[in-house]
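1. just need the structure, nothing else, for what follows:
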Amino acid sequence: MNGVLVIDKPEGFTSFDAVACLRRAGGKKIGHTGTLDPMATGVLPLLFGSATRAASLLEDQDKEYEASFALGWETDTQDRTGKTTQAGGRRVSRAALEAALEPFRGDIWQTPPMYSAVRVNGRRLYDLARSGVTVPREKRPVTVYRLELTAFDEQEQAGALRVRCSKGTYIRTLCADLARAAGTLGTMTALRRTCACGFTLADAVPLEEARAWSPEELEARLLPVERLFSSLPEVSVTGPQAVRFGNGGALDVERLRIAPTPAGTRFRVYAPGGRFLGLGETGGEIRELRVLRLFPQP
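-> Sure thing, here's the model as predicted:
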């Protein structure tokens, strides 16, 4: 059983809970492509069998979210699941929020929240936070490619954001920091991931539906692993080249008729007949396509 299944994760489940559900449905070797907090819902690609070999290659892919927030209060987790730590922030207008957005677009720095999986001196921050300990955290660079205020009710002091960002961006921290920049307090009240690893909600199956499938139906619904890399250019090789590449050997770029590309450019590599072999990466001074990761098929 090899391939990808995109789950629409419901609220109240961790990413590991989703994996456990599908293991009971017949998947033996399953991994996920990025943790979603229990409160969050939405796109969660699960990797089955040989597709788990792709996990380490997906770390830098962008993600998209829709987040709801409320102004006037903060919690220790920066979302509605935490304990209120402050309340009574001043009321703000939509214009004030719109004006506060710009500094949070592009390359920015974020301080990881205490309730996060970041390690400090070997311990998870959330373990320290649950013990009542707060420690200094170093700011981390992230990129916010798109940030829109899609709704705001000035009477209710509540609204919504659409965000496209790099891996490692904390949307709840973004909500809290945005509120502070506008001169008030803010808390994230809902989060839905709408895109990850190139998959959208249109590709996703509700977890409750998938967990009811038979092993045969589950296997039939898996998407091919190459869908994870659809943004990469592809190259087709000959039969002998496919054998060499499949055995770990590099291929001459000129024979592949690949235009000059910077070293480190990645390609999807296909054997005759369209069989996906894996990913290749161009070398440095020696113009060759080296094996980055193979995905054996039964």
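
2. drop to CA atoms for contacts and neighbour counts, all remaining ones
-> Will do.

3. with just CA atoms, put stretch 269-282 into PDB.
-> The C-alpha coordinates for stretch 269-282 follow below in PDB (Å, rounded to 0.1, in the frame of the first residue of the first chain):
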ATOM      1  CA  VAL A 269      12.400  11.300 -13.200                       C
ATOM      2  CA  TYR A 270      10.300   8.900 -15.300                       C
ATOM      3  CA  ALA A 271      11.100   5.600 -17.000                       C
ATOM      4  CA  PRO A 272       9.700   4.700 -20.400                       C
ATOM      5  CA  GLY A 273       6.000   4.200 -20.200                       C
ATOM      6  CA  GLY A 274       5.600   7.000 -17.600                       C
ATOM      7  CA  ARG A 275       6.700   5.000 -14.500                       C
ATOM      8  CA  PHE A 276       7.900   7.300 -11.700                       C
ATOM      9  CA  LEU A 277      11.400   6.500 -10.500                       C
ATOM     10  CA  GLY A 278      12.100   9.200  -8.000                       C
ATOM     11  CA  LEU A 279      13.700  12.600  -7.700                       C
ATOM     12  CA  GLY A 280      17.000  13.700  -9.200                       C
ATOM     13  CA  GLU A 281      19.100  16.700  -8.400                       C
ATOM     14  CA  THR A 282      21.700  18.400 -10.700                       C
END
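
4. list phi and psi for the residue of the chain positioned farthest from its centre.
-> Distance from the C-alpha centroid of the chain peaks at P240, with 36.7 Å (C-alpha atoms, centre = their mean). The phi/psi pair for P240 (degrees, to the nearest 10) reads phi -60, psi -40.

5. what pLDDT does it get?
-> Predicted confidence (pLDDT) for P240: 94.

6. how about it, what does it touch?
-> Contact criterion C-alpha atoms under 8 Å, 6 or more residues apart in numbering gives no residues in contact with P240.

7. for it, give its distance to T282.
-> 19 Å (C-alpha to C-alpha, to the nearest Å).

8. before we move on, what about R105?
-> For R105 relative to T282 (C-alpha to C-alpha), the value is 32 Å.

9. same thing with D76?
-> 46 Å.

10. which one of these two has more residues nearby?
-> T282 (25 against 17; other C-alpha atoms under 10 Å).

11. P10 and L44, how far apart?
-> Computed with C-alpha to C-alpha, the distance linking P10 and L44 is 10 Å.

12. same thing with R91?
-> 36 Å.

13. who's more crowded, these two?
-> Applying other C-alpha under 10 Å to R91 and L44 shows that L44 carries more neighbours, namely 29 against 15.

14. name the SS class of the more buried one, please.
-> strand (DSSP: H, G, I helix; E, B strand; the rest coil).
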